[in-house]
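Student: Sharing a sequence plus its predicted fold:
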Amino acid sequence: NMFTSAVRQVLGSTSRRVATGTTATAGLAGFSFQQRFMSGSANTDWVFDIDGVDEFEKKVLASSVPVLVDFTATWCGPCKMLKPILESSVEKNQGKVLLAKVDIDNANNHQIAQAFKVSSVPSVFGIREGQVVSSFMGARPQGEVEKFIDTLIA
C-alpha cells in the first residue's frame, strides 16, 4: 500500500530488499521458530527496544512473526499506562506476536518516527510480513489491545 511504500522509501533501500525477500533475517536463518522465539526470557525475546533504522529493519520489517510497534516516550503518561498492557498481552501470546518499543526521543529513532508520521504518543502499529495492517493512537484497555493482537495474528 502507499503508506508502507512511503515508510520504505524514507527508511532506504535495505527495507526494499527485505520486502522482496532477498535479504535473510540476520542471525536467524536456519533456526526453528522455537529456537528463535521461545528460548530465554519472554521479555527479551518477545518484547524489545529498537535503537535505529537497521535494527528496525531486521527485527520488525524482516520478522516472520507479526510485530506491534509501540512509539513511546519516557515522559508520556498514557505510554506508561499502555506499556504493561502491551507487554502482558504479547507475553500471553507466547511468541505469536512481538512488541518493538521505539522511543521517539532517541535520536537514532527519529527517522523511523518520521516515516510513520508519528505526531503523538503512544502510537501503535501492527505489522505483518513487513506491511502495516492496522494501528491505533492513545492508551487502550486490555480487552481492546487483545482484540487488536488477535486480528493481527489471525
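Tutor: Yes, it's here.
Student: Please count neighbours and contacts with C-alpha atoms only from this point.
Tutor: Fine.
Student: lowest-confidence helix or strand of the chain?
Tutor: Across the helices and strands of the chain, mean pLDDT, DSSP states H and E gives its lowest value to helix 13-19, namely a mean of 37.
Student: For this structure, which segments count as helices?
Tutor: With DSSP state H, the ranges of helices along the chain come out as 2-11, 13-19, 33-37, 42-46, 53-56, 77-92, 110-115, 142-153.
Student: now the protein, which segments are flagged as low pLDDT?
Tutor: 1-44 (pLDDT under 70).
Student: And the residue nearest the centre of it?
Tutor: The residue lying closest to the centre of the chain (CA atoms, centre = their mean) is residue 69, at 2.9 Å.
Student: since we're on residue 112, how many residues are nearby?
Tutor: 24 (other CA atoms under 10 Å).
Student: And residue 147, by the same measure?
Tutor: 11.
Student: now swap in residue 135 and tell me
Tutor: Residue 135, neighbours per other CA under 10 Å, totals 14.
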